[in-house]
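Colleague: What shape does this take:
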Amino acid sequence: MQASEIVSKMYSGDKFSQLLGIKIIEVNKGYCKLEMEVRSDMLNGFDILHGGVSYALADSCLAFAANTHGRMCVSLNAKMSYPESSKEGDILTAESVEITVTNRIGIYDVFVKNQNDVMIGVFRGTVYRTEKEY
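Modeller: Numbering: from 1, shown residues only. From the prediction side, this is the model:
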């Protein structure tokens, strides 16, 4: 299966990414770029984007990128920093960078930026690469 076919298949069953309104912009082996608009129902009590929503965007980007090699991957751990806040109406872009891939482990960084190219999230995730293939 091609990388884009794998991600399309994953997305079709990913109800949470669909709920968030995540759009797939670009996919290649080890790479994914997603986009999402910040809605009012995504804001926290400070009227800024809830950290869990930007984390979910980055986590989806990680999952899609890691699986493009054709082996099913599952997350082992991840962490995220939030250098800037985001508000309703912002258009966020998440872009993955494959750091390393071994037979069993993949490490990815995901950078989340707003429409003004301001970094609002830096995410690092590690995946376990199962032996199951698409």
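Colleague: Report the next helix or strand after the top helix by length along the chain in sequence order.
Modeller: Among the segments of the chain that qualify as a helix by DSSP state H, the longest is helix 51-67. Using DSSP states H and E, the helix or strand that follows helix 51-67 towards the C-terminus is strand 71-81.
Colleague: Sheet partners, orientation included, of that next one?
Modeller: Applying DSSP bridges, strand 71-81 is found paired with strand 119-133 (antiparallel).
Colleague: Return the set of buried residues in the strand it pairs with.
Modeller: The neighbour-count check on strand 119-133 (16 or more other Cβ atoms under 10 Å) flags 120-121, 123-127, 129 as buried. Yep, even glycine has a C-beta here, placed from its N, CA and C like the rest.
Colleague: ok, so of these, who is nearest S86?
Modeller: I120 (4.8 Å; Cβ to Cβ).
Colleague: so who does that closest one touch?
Modeller: Residues near I120 by Cβ atoms under 8 Å, 6 or more residues apart in numbering: 49, 54, 82-86, 90, 92, 112-114.
Colleague: doesn't I6 make contact with I24?
Modeller: No. The criterion here is Cβ atoms under 8 Å, and I24 misses it with I6 at 11.3 Å.
Colleague: still on that earlier bit, as TSV, the buried residues of strand 119-133 with distance to G106 and pLDDT would be great.
Modeller: Below are these laid out as TSV (distance: Cβ to Cβ, whole Å; pLDDT from 0 to 100):
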residue	distance to G106	pLDDT
I120	24	98
G121	20	98
F123	14	98
R124	11	98
G125	9	98
T126	7	98
V127	5	98
R129	6	98
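Colleague: want to throw those into a markdown table with distance to A65?
Modeller: As requested, the buried residues of strand 119-133 are exported to a markdown table (distance: Cβ to Cβ, whole Å):
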| residue | distance to A65 |
| --- | --- |
| I120 | 19 |
| G121 | 15 |
| F123 | 11 |
| R124 | 13 |
| G125 | 9 |
| T126 | 13 |
| V127 | 9 |
| R129 | 12 |
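Colleague: Looking at these, which one is closest to I99?
Modeller: Closest to I99, out of all of these and judged by Cβ to Cβ, is R124, at 8.0 Å.
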